[in-house]
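Enquirer: using only what follows, build the 3D model:
(2 chains)
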Amino acid sequence: MTLNTFKSVLFSALFLAISFAGYATEDSDNKDDKEFDANEMIMHHVKDAYGMHIITFNEGKEDEHHISIPLPVILWTENGLTTFMSSEFHHDYSGQVVVEKNGGRFVNVHEKIYQLNDGESVVSYDAEHHPVNAKMPLDFSITRNVFMMWVSFTILLLIFLTAARHYKKSENNIPKGIASFVEPLVVFVRDEIGKPMIGEHKYKKYMPYLLTVFFFIWINNIFGLIPFFNGANLSGNIAFTLTLAFVTFIITTFSGNKNYWKHIFWMPGVPVPMKIFLMPIEIIGMFTKPISLMIRLFANITAGHIIILALYSLIFIFKTEFMGFVSVPFALFIGIIEIIVTAIQAYIFTVLSALYFGMATEEAHH
Amino acid sequence: MELIKPGFGLVFWTLITFSILLFILRKFAWKPILGAVEEREDGIKNALASAEKARKEMENLHADNERILKEARTERETMLKEARDIKAKMIADAKDEAQAQASKMIEQAQAAIESEKKSAMAELKNHVAGLSLDIAEKVVRQELSNKDKQLELVESMLGEAKLN
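Expert: Below is the predicted model of the structure:
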């Protein structure tokens, strides 16, 4: 199909859908559906959750039931470690189901667990819907993001340990099977990221980190796009990107040589007033670099999820399935872009990390 | 905004999971894979270098052969030239010698002829002198006896001398 026919099909579908939408909304006023809240739906999907929810049958009706994988909730309260399965909330995240464990009462308010204050049995909210009679315990729960992280952990180990074993078995180090798939990627990270960014002599020390972070981010970006996992949005979670950016920051700071610190505190080659002026800027720069890493990955991945979910929400906002003719092609288009973005964002995070390591280890050449 | 508030639990688990992943992959995946790739690359580099070296050697050998051939050719030429020169010289020498020899022989012959001639002349002179003396004696004797006879004698004697 040429681009022009594709365009005309797309626009006629759009036109049809909009005209049907106008027709369909006319007689849907008397339906007693509860109002669809796109914002809530999107946020619920993008954020972390205590269980792996897969599907809901007969939603909003008497015999509503859910299929989901329960995951352990691990809390550190003043009574010590408290654990129970997420299924004890019965898929409630509105704070109605109270779980009593280890002398504490716990509720799930929008996928955050609160411990009710002593003597309270029902959670009450302030004007902004924040619980007022409850506090948040230290939460080590295996949420769906942690669960997906472990799935990706296992898959990464399977892929790369198998690949490594191929090399041990084969003579002449000729890659076979999965190794021949993995090798170009590893060589790409080494030749296009490690060597040019850090330099021929020092890149070897940083290769394990760069390779691990590249594949860890990439595979989690991909898992975030698979609908079955209910968009476990690990790499679009700021806690995840914060941790990886923090590791990059630590490595950069600890591998900084004399030249690196000199450039921060006493910039060579400029007059003294300029040196004093540049010092605070460079010190701030030390921190803005990892912070930009954190925000870039988080924002890109989350934005992709939000766009796709918002496109699907159009169907429910217009209350017509014909909106699908618009939503599905656009969501598919964004989905394809997102598949590219998974690799691009992993690449960018790794390149910038390598660049920071390169700056930290660069020798003076004046 | 809850979206940008990092949850402590996820930070904790990410840090632990990532550290373990880094440790395991570094030891059991990246090291063997990168090691194998580097080893192979070194192998290829070495193979290429040795091929290049062999090519250079071949080239050198070829150049050597060419040079030797050229040298041989020039040598042959000089040798031929020398031989030709020697031949010409020998011929010239032989010619000169022969000439010298010939002229020497001629000279000797001339000298011999000269000396022969001289001796012949001397002998002839002696002979003539003897004859003259004989004639003179006979004439004188004839004179002494008969004048006619004397004249006759002289005349016959002269005829005899002429015959000699």
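Enquirer: please count neighbours and contacts with C-alpha atoms only from this point.
Expert: Fine.
Enquirer: which stretches of chain A form helices?
Expert: In chain A, helices defined by DSSP state H lie at A:3-26, A:38-46, A:144-169, A:178-188, A:195-198, A:203-225, A:238-255, A:258-265, A:272-317, A:324-361, listed in chain order.
Enquirer: just name the shakiest helix or strand of the chain by mean pLDDT.
Expert: In the absence of a named chain, this looks at chain A. Within chain A, no helix or strand scores below helix A:3-26, which has a mean of 50 by mean pLDDT, DSSP states H and E.
Enquirer: pLDDT weak spots in the chain?
Expert: Just going to use chain A. Counting by pLDDT under 70, chain A contains low-confidence residues at A:1-34, A:229-231, A:365-366.
Enquirer: chain B is the one I meant
Expert: B:1, B:142-144, B:150, B:162-164.
Enquirer: my guess is residue B:153 meets residue B:139, correct?
Expert: Yes - taking contacts as C-alpha atoms under 8 Å, residue B:153 lies within contact range of residue B:139: 7.1 Å.
Enquirer: who wins for proximity to residue A:64 among the helices of chain A?
Expert: When those are compared by C-alpha to C-alpha, helix A:38-46 sits nearest residue A:64, at 17.8 Å.
Enquirer: count of neighbours near the closest residue to residue A:193 other than its chain neighbours?
Expert: Leaving out its chain neighbours, the residue that sits closest to residue A:193 by C-alpha to C-alpha, 6 or more residues apart in numbering or on different chains is residue A:351, at 5.5 Å. Applying other C-alpha atoms under 10 Å in any protein chain shown, we find 21 other residues in the vicinity of residue A:351.
Enquirer: need the contact list for residue A:351.
Expert: A:193-194, A:197 (C-alpha atoms under 8 Å, 6 or more residues apart in numbering or on different chains).
Enquirer: how does it look with 10 Å?
Expert: Contacts for residue A:351 were tallied using C-alpha atoms under 10 Å, 6 or more residues apart in numbering or on different chains; they are A:189, A:192-194, A:196-198, A:210, A:214, A:345, A:357.
Enquirer: cool, and residue B:10?
Expert: Counted by C-alpha under 10 Å, 6+ apart, residue B:10 has contacts A:48, A:139-143, A:145-146, A:149, A:234, A:237-240, A:243, B:16.
Enquirer: let's see it at 6 Å
Expert: The contact partners of residue B:10, taken as C-alpha atoms under 6 Å, 6 or more residues apart in numbering or on different chains, are residue A:239.
Enquirer: one step back: of all the helices of chain A, which lies closest to residue B:38?
Expert: Closest of the helices of chain A to residue B:38 is helix A:178-188, at 9.8 Å (criterion: C-alpha to C-alpha).
Enquirer: and that closest one, which residues are buried?
Expert: Neighbour-count burial for helix A:178-188, counted by 16 or more other C-alpha atoms under 10 Å in any protein chain shown, picks out A:179, A:182-183, A:186-187.
Enquirer: same check on stretch A:335-342?
Expert: By neighbour count with 16+ other C-alpha under 10 Å, stretch A:335-342 contains the buried residues A:335, A:338, A:341-342.
Enquirer: what does stretch A:270-281 give?
Expert: Those would be A:275, A:278-279, for stretch A:270-281 by 16+ other C-alpha under 10 Å.
Enquirer: show me what from chain B comes close to chain A.
Expert: For chain B, the contact set with chain A under C-alpha under 6 Å from any C-alpha of the partner chain comprises B:4, B:6-7, B:9-11, B:22, B:26, B:29, B:32-33, B:36.
Enquirer: in helices only, show me the residues you listed.
Expert: Within the residues of chain B next to chain A, residues falling in helices by DSSP H are B:9-11, B:22, B:32-33, B:36.
Enquirer: of residue B:153 and residue B:139, who's got more company?
Expert: In this view residue B:153 and residue B:139 are compared by other C-alpha under 10 Å, and residue B:139 has more residues nearby, 21 against 17.
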